[in-house]
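Q: sequence? don't have it. structure:
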């Protein structure tokens, strides 16, 4: 079973929560924001390890690679203070991801 990991869908999932709602624990394979999003989307327990994602019942070396934006998001959130991440904080990190990955017009010239 392949579950597509889409940045816009992830943002909409985060936006469905109140800003102070907790949406996961950074760095926790099966309880990170990305893992909880994937689990809610697929209807089964999913995990992510910062580089790959997949179903909990499948050995992690068989998981698919996360898209670059999701790898950057996972890396940024792992360094977040505290053990849980609010929806607001997750959106702030997601905006940072987009800022890091979109080339500046000045650099393109």
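A: Structure's in. What do you need? All values reported here derive from a predicted model rather than from experimental measurement. Numbers count the residues shown, from 1 in each chain.
Q: The residue nearest to the spatial centre of the chain - nearest residue in space that isn't next to it in sequence?
A: Compute the mean C-alpha point of the chain, and by CA atoms, centre = their mean the closest residue is residue 34, 3.3 Å away. Leaving aside its chain neighbours, residue 34 sits nearest to residue 48 (4.7 Å; criterion: CB to CB, 6 or more residues apart in numbering). In this view, the C-beta of every residue, glycine as well, is placed from N, C-alpha and C.
Q: what about the one you found, neighbour count?
A: Residues contacting residue 48 under the criterion other CB atoms under 10 Å number 27.
Q: any idea how far residue 72 is from it?
A: 13 Å (CB to CB, to the nearest Å).
Q: Need the three-state assignment for residue 54.
A: For residue 54, the assignment made with DSSP: H, G, I helix; E, B strand; the rest coil gives strand.
Q: Can you give me the pLDDT of the spatially closest residue to residue 65 that is not a sequence neighbour?
A: Ranked by CB to CB, 6+ apart and with sequence neighbours excluded, the top spatial neighbour of residue 65 is residue 52, at 5.6 Å. We have a pLDDT of 96 for residue 52.
Q: so what's residue 83 up against?
A: Neighbour list for residue 83: residue 25 [criterion: CB atoms under 8 Å, 6 or more residues apart in numbering].
Q: Correct me if wrong, but it is in a strand.
A: No - the assignment for residue 83, made by three-state DSSP, is coil rather than a strand.
Q: mind checking how far it is from residue 95?
A: 22 Å.
Q: can you give me the helices in the chain?
A: For the chain, applying DSSP state H gives helices covering 7-15, 33-42, 68-78, 87-101, 105-108.
Q: Just want the angle from the fourth one to helix 7-15.
A: Meaning helix 87-101. 160 degrees (axes from the mean of the first three to the mean of the last three CA atoms, to 10 degrees).
Q: list the helices and strands helix 87-101 packs on?
A: helix 7-15, helix 68-78 (3 or more CB pairs under 8 Å, 6 or more residues apart in numbering; DSSP states H and E).
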